[in-house]
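1. no letters, just coordinates:
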Ligand code: AHG
Ligand code: MN
Ligand code: MN
Ligand code: MN
């Protein structure tokens, strides 16, 4: 049985990066145990506060954010961090060699109904030419990510990670459930994420699409035509799934193929929903690491540098043949 520590050692990951990944994933182990307690873990309901996104924060958004932030702020390797739940850059160590961005709790609308939820994270090298807490540390294309990953708190808790090589998955060997209700204890050094898939590879073809049909009226014409043709059928099964949490949909697609679409919605004041820095870019690295494609309009997501920390964009990702078919609808030759 190989744990995350073994895999990082085999990869030759430096101590600084390993400290970040082990500390972050250990925080998710604690979250996993508290989430498994549901109402008994004091993590349900609204926090009655608005975040920078204009969303009402859920209790677990705040609990997850504060736990992960506190864990990372204690690491000399971390120069700065950005979170969905923080307005601006959070300065850490001036000599830190990495910066970290994260979505502490993805799928917040699923929390109170015991649906799929997760944590998404990404790590970049700190740029020496800017202050350690400058926004410029984060306004870079996703192609510069050192590693990206998510933890899915599902029936089992799974970590999916790409550090430039293959996309790999780990399952949490949970031994903390008994003390989960306690306040965070010093996290033990032994990681319990056990390697399950050495190399995740997306099937090239797919028979499943994931989209929230409720926003159909606001889509561009090309998107409407693509979905219209999908729904008219192609003489072969083509099913729909929508988990309400990006981590849930991306995980299913990594394991059995599919296409995930969150197109622009011109009827919404925001036009786009998903955030580039800590949702789309890390997921694009994981999907491309598994042989899939990830686009926004006609541009590969990993080529796009955020203009602002919480910039939103439309996201299409998944099995190569289906993403290319979709692109032919929005980029008529
Ligand atoms: P978050 O909970 O971190 O704010 O992100 C939710 C996102 C993403 O996880 C999911 O794919 C999408 O919102 C679902 O949007 P709809 O509720 O519009 O379907
Ligand atoms: Mn999210
Ligand atoms: Mn979130
Ligand atoms: Mn949110």
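-> Yep, it's here. None of these values were measured; they are calculated from a predicted model. Ligands and ions are numbered 1, 2, ... in the order given.
2. specify the residue positioned farthest from the middle of the chain.
-> Distance to the chain centre peaks in the chain at residue 235, reaching 33.9 Å (criterion: CA atoms, centre = their mean).
3. so stretch 263-283, near ligand 4 or not?
-> No: contact of stretch 263-283 with ligand 4 is not found when judged by CB under 5 Å from the ion; the minimum separation is 8.7 Å. Bear in mind the C-beta positions are built from the backbone N, C-alpha and C, glycine included.
4. for residue 60, give its distance to ligand 1.
-> Remark: distance between residue 60 and ligand 1 (CB to the nearest ligand atom, to the nearest Å) = 10 Å.
5. meant to ask about residue 97
-> 27 Å.
6. contact partners for that residue?
-> With contact set as CB atoms under 8 Å, 6 or more residues apart in numbering, residue 97 has these partners: 16, 77, 79, 125, 126.
7. and the residue farthest from the centre of the chain, what are its phi and psi?
-> The main-chain torsion angles of residue 235 are listed as degrees, to the nearest 10 and equal phi 80, psi 10.
8. mind giving me the ChimeraX command for buried ones among the contacts of residue 97?
-> Buried residues within the contacts of residue 97, as defined by 16 or more other CB atoms under 10 Å, are selected in ChimeraX through the command that follows:
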select :77,79,126
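9. for the contacts of residue 97, which one is nearest residue 43?
-> Minimum separation from residue 43 among the contacts of residue 97 (CB to CB) is found for residue 77, which lies at 28.2 Å.
10. could you measure from the closest one over to ligand 3?
-> Applying CB to the ion, to the nearest Å, one obtains 24 Å for the distance of residue 77 from ligand 3.
11. got it, and residue 168?
-> Using CB to the ion, one obtains 24 Å as the distance from residue 168 to ligand 3.
12. next, count neighbours for that residue.
-> Residue neighbour count, defined by other CB atoms under 10 Å, stands at 24 for residue 168.
13. what pairs with it across the strands?
-> When bridges are called by DSSP bridges, residue 168 pairs up with residue 161.
14. before we move on, back to that, the contacts of residue 97 in strands, which ones?
-> Under the assignment DSSP state E, the contacts of residue 97 contribute 79, 125 to strands.
15. got the contacts of residue 97 as a markdown table, with distance to residue 87 and pLDDT columns?
-> Formatted as a markdown table, the entries for the contacts of residue 97 read as follows, by distance: CB to CB, whole Å; pLDDT from 0 to 100:
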| residue | distance to residue 87 | pLDDT |
| --- | --- | --- |
| 16 | 27 | 96 |
| 77 | 24 | 98 |
| 79 | 18 | 98 |
| 125 | 24 | 98 |
| 126 | 21 | 98 |
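16. residue 40: which of the contacts of residue 97 is nearest?
-> When those are ranked by distance to residue 40 (CB to CB), residue 77 comes first, at 34.7 Å.
17. what's near enough to touch the closest one?
-> Residues in contact with residue 77, defined by CB under 8 Å, 6+ apart, are 15, 16, 17, 19, 20, 93, 96, 97, 98.
18. my read: the third one touches residue 98, true?
-> What that stands for is residue 17. Yes: with contact defined as CB atoms under 8 Å, residue 17 and residue 98 form a contacting pair (6.4 Å).
19. overlap in contacts, the two.
-> Counting by CB under 8 Å, 6+ apart, the residues touching both residue 17 and residue 98 are 77, 123, 146.
20. residue 318 touches residue 202, doesn't it?
-> Yes: in this structure residue 318 lies within contact range of residue 202 using CB under 8 Å: 7.0 Å.
21. need the residues touching each of the two.
-> When contacts are counted by CB under 8 Å, 6+ apart, the set common to residue 318 and residue 202 consists of 253, 257, 287, 292.
22. OK, contacts around the third one?
-> Listed by CB under 8 Å, 6+ apart, the contact set of residue 287 reads 167, 202, 250, 253, 254, 293, 294, 317, 318.
23. one more pass at 6 Å, please.
-> Neighbouring residues of residue 287 by CB atoms under 6 Å, 6 or more residues apart in numbering: 294, 317.
24. in what helix or strand does it lie?
-> For residue 287, the host element (DSSP states H and E) is helix 281-289.
25. any idea which of the contacts of residue 77 is closest to residue 8?
-> The shortest separation between residue 8 and any of the contacts of residue 77 is 7.7 Å, and it belongs to residue 17 (by CB to CB).
26. quick one: pLDDT of the closest one?
-> At residue 17, the pLDDT value in this model is 97.
27. the one 4 residues further on too?
-> The model reports residue 21 with a pLDDT of 98.
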